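Participant: requesting a structural model of the entry that follows:
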Amino acid sequence: DCRQYTNRSCEECLKNVTCLWCASSRRCMEYPVRRILPPADLCELRSARWGVCWVNFEALIIAMSVVGGTLLIMLGVCCCCCCCRKKSKKQVLGGAFLSTRPDKDDERAAREREKRRVRQEERRAEMKSRHDEIRRKYGTV
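Facilitator: Have a look, this model is predicted:
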């Protein structure tokens, strides 16, 4: 029973892991296992100790929030870095894509480039034949 350690020391109370020490009232009581945090009418968070005497619940909540927030920010930064790295791999370099598996946009762009190249070749051939006709007409061939 935790109540037998009331008005003794925090260390004695917390030897039993089911006990909660309230520093303001110097009471040792059973930890309310049905709730995550002890209710304020039982003991204030800044006075409640569980597990170790040097950490109160208020400091524990703040520390866990800071650590959790830092981990979330780091996860977000890692996701952004991975996305940026994927985008940079798909940049065009000398007409060839660096991506190992081209997606639909890459394929569409390659088809359009090929169509433009074919049209340019057709225009060149047409211009050459016109020039040849003009040369024949005026006898400069």
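Participant: could you point out the longest helix in this protein?
Facilitator: Determined from DSSP state H, the single longest helix within the chain is helix 104-138.
Participant: roughly how far is it from the heart of the chain?
Facilitator: Using CA atoms, centre = their mean, to the nearest Å, the mean C-alpha position of helix 104-138 is found 49 Å from that of the whole chain.
Participant: same deal with stretch 22-41?
Facilitator: If you compare the mean C-alpha spot of stretch 22-41 with that of the full chain, they lie 37 Å apart, counting by CA atoms, centre = their mean.
Participant: buried sites along it?
Facilitator: If you call a residue buried by 16 or more other CB atoms under 10 Å, then stretch 22-41 has these buried ones: 22, 27-29, 31, 38. Where C-beta positions appear, they are placed from N, C-alpha and C, glycine not excepted.
Participant: and the residue lying closest to residue 12 once chain neighbours are set aside, how many neighbours?
Facilitator: Once flanking residues are discounted, residue 12 sits nearest to residue 5: 5.1 Å by CB to CB, 6 or more residues apart in numbering. The number of residues packed near residue 5 is 21, by other CB atoms under 10 Å.
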